[in-house]
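**Student:** A predicted structure for the sequence below; I have some questions about it.
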Amino acid sequence: MPQNDQCIRMEKVGYQVGGRTILTDFDLLLERGVNRTILGVSGSGKTTILKLILGLIHPQSGRIFINGLEITDQPEAVYREQRKRIAVVFQGGALFDSMTVGENVGYRLFEEGRLPEAEIEAIVREKLRFVGVEASLDLYPAELSGGMKKRVAIARALAADPDYIFFDEPTTGLDPIGVYNIVSLMRRLQDAGKTTLMVTHDLATAFATSQRFSLLHESRLAFEGSEADLKACDLANVREFLQPTDASLFV
């Protein structure tokens, strides 16, 4: 893979759990400014890739780099420092139910304790304004719709000004308006220079927000390339993912 300090790289990563192989010799390159989607059916290992990069789980083989620093098998303190460069928008939003929207968005900054409270509150309002939910500052997650929770989660991700933002199935469970809002926000983030890595099986969202695509099939990287390359690919497992047939029934 190309050497580039401003990127995240996975080289020949292998991961197994409970006797099941999740990833085999998996390669990934996420360059700054290039937005990538990892595609695959449910349970194919897409979210596992995010957890490996974040250091929440560890590979049995291979190497992982963040901005030129190898983090494979490094102590937790090293992971913690590198993790600050990355923010994650989880599938369910993962907001704290006992905190208001504003407290959720500012949580990481309050925990770090580096900024005065007034500055944190200004950042919180700015990020909520960016995602269009500033009026919900004092509400609790239970008072929000699913789409609003996702937008608040994006605001929380932005608060710490990360280099990379990971999206785990960001449009799952949303109605068409909610999907439109999330796609629009992702595009605005990219226009602002943020690098995004999304895992999803939603092709429409993937094609609307990404330039590069990785497709997982049976624990391996089955395809890597552009949208045009993906649509033109004649590999059977790629065609089956893009255009399922009766052979896919109940698989």
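**Tutor:** All right, it came through fine.
**Student:** for the chain, what are the low-confidence residue spans?
**Tutor:** Applying pLDDT under 70 to the chain flags the ranges 1-4, 92-93, 247-251.
**Student:** distance of Ile38 from Leu174?
**Tutor:** Distance, Ile38 to Leu174, by Cβ to Cβ, to the nearest Å: 19 Å. The way it works is simple: take the backbone N, C-alpha and C, and place the C-beta from them, glycine included.
**Student:** okay, those two: which has more neighbours?
**Tutor:** Shown here are Ile38 and Leu174; by other Cβ atoms under 10 Å, Ile38 has more neighbours (28 against 19).
**Student:** which ones are touching the more buried one?
**Tutor:** Listed by Cβ atoms under 8 Å, 6 or more residues apart in numbering, the contact set of Ile38 reads 28, 46, 49, 197-200, 213-216.
**Student:** The stretch 1-150 of the chain: strands as residue ranges?
**Tutor:** Applying DSSP state E, counting those that start in this stretch to the stretch 1-150 of the chain gives strands spanning 7-17, 20-31, 36-39, 61-66, 69-70, 86-89.
**Student:** and these, which is most packed in?
**Tutor:** The highest mean neighbour count among the strands of the stretch 1-150 of the chain, using mean count of other Cβ atoms under 10 Å, belongs to strand 36-39: a mean of 26.
**Student:** Just confirm Val199 is within a helix.
**Tutor:** No: remark: Val199 does not belong to a helix; assigned using DSSP: H, G, I helix; E, B strand; the rest coil, it is strand.
**Student:** tell me, how many neighbours does the closest residue to it other than its chain neighbours end up with?
**Tutor:** Using Cβ to Cβ, 6 or more residues apart in numbering and skipping residues adjacent in sequence, the residue nearest Val199 is Lys46, 3.7 Å away. Each residue near Lys46 was counted by other Cβ under 10 Å, and the total is 23.
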